[in-house]
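Trainee: Mind folding the following:
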Amino acid sequence: MKKLNVKERIIETASRLFYFNGYNQTGINQIIAEAAVAKASMYQHFRSKEDIAVAYLKGRHIMWMGKLNECVSRTDHKGGKVLGCFNYLTEWLTEVNYRGCGWQNIIADLPEDHTKIKDQAVLHKNEFREWIHDLIKKENKYSDKQAEKLGDEIMILIEGAIILSQIQKNDWPINTAKRACVRLLA
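Mentor: Numbers count the residues shown, from 1 in each chain. Okay, here's the model as predicted:
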């Protein structure tokens with residue numbers, strides 16, 4: 001296994017802490033201690049905790065979309081590949097004990113003036129929205145306008161399933177949203 005450099009250790013440590021403990025509940029000193037780096041080394045790579053959070057969200061986006069694509073590519077359902085999103089939600093959320101969406105969590109916990117973090121959350125959700133639209137368009141059953149409208153409805157099902165699964169600590173919201181999606185696609 002490759003040894004992580006200072007910047008990678010900071011990002012990896014902060015990512016775990018931000019996701020599982022929350023942004024406001026994680027302090028710079030805790031990141032420094034758990035990453036085993038000097039404060040001066042941390043400030044060589046990041047000017048602020050907000051900059052570390054932006055790096056966390058960028059890395060999380062790449063990881064999350066990659067795993068989502070992998071799961072969807074394995075999906076073979078007459079309703080379409082988009083149903084694979086719900087399979088991914090179940091795999092991911094059970095793996096993290098229903099901790100929920102890193103972007104939803106950080107936005108809910110965010111001070112008003114942290115616009116760089118907010119911008120990353122909006123970017124992720126917009127890219128995910130476009131990804132859903134493109135996936136539905138590839139099915140060749142819908143016009144572009146229909147695919148976008150349907151994609152937005154499906155995205156709302158997905159986002160709602162994520163937050164309700166987090167609250168309930170259960171996968172029934174994901175299963176319910178998937179059934180609703182099957183009806184939408186019929």
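
Trainee: so how far is stretch 47-64 from its chain's centroid?
Mentor: Between the mean C-alpha point of stretch 47-64 and the mean C-alpha point of its chain there is a distance of 11 Å (C-alpha atoms, centre = their mean, to the nearest Å).

Trainee: That should have said stretch 84-98, apologies.
Mentor: In terms of C-alpha atoms, centre = their mean, the gap separating the centre of stretch 84-98 from the centre of its chain is 11 Å.

Trainee: Same check on stretch 79-90?
Mentor: Its chain's average C-alpha position is 15 Å from that of stretch 79-90, according to C-alpha atoms, centre = their mean.

Trainee: Surely residue 185 and residue 81 touch.
Mentor: No - under the criterion of C-beta atoms under 8 Å, residue 185 is not in contact with residue 81, lying 10.6 Å apart. For glycine as for every other residue, the C-beta is placed from the backbone atoms N, C-alpha and C.

Trainee: so where's this protein uncertain?
Mentor: Low-confidence regions of the chain, defined by pLDDT under 70, span residues 1.

Trainee: quick one, strands of this structure?
Mentor: Using DSSP state E, no strands are found in the chain.

Trainee: all helices of it, in order?
Mentor: Counting by DSSP state H, the segments of the chain that form helices are 6-21, 28-35, 39-45, 49-73, 84-95, 102-108, 115-137, 144-168, 172-185.

Trainee: export the ones you listed to JSON lines and tack on mean neighbour count?
Mentor: Putting those into JSON lines (neighbours: other C-beta atoms under 10 Å) gives the following:
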{"stretch": "helix 6-21", "mean neighbour count": "19"}
{"stretch": "helix 28-35", "mean neighbour count": "16"}
{"stretch": "helix 39-45", "mean neighbour count": "14"}
{"stretch": "helix 49-73", "mean neighbour count": "17"}
{"stretch": "helix 84-95", "mean neighbour count": "19"}
{"stretch": "helix 102-108", "mean neighbour count": "19"}
{"stretch": "helix 115-137", "mean neighbour count": "17"}
{"stretch": "helix 144-168", "mean neighbour count": "17"}
{"stretch": "helix 172-185", "mean neighbour count": "17"}
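
Trainee: My guess is residue 9 contacts residue 33. True?
Mentor: No - counting by C-beta under 8 Å, residue 33 is not a contact partner of residue 9; they are 11.5 Å apart.

Trainee: Looking at the protein, name the residue that lies furthest from the middle.
Mentor: Ranking residues of the chain by C-alpha distance from their mean position (C-alpha atoms, centre = their mean) puts residue 40 at the top, at 30.5 Å.
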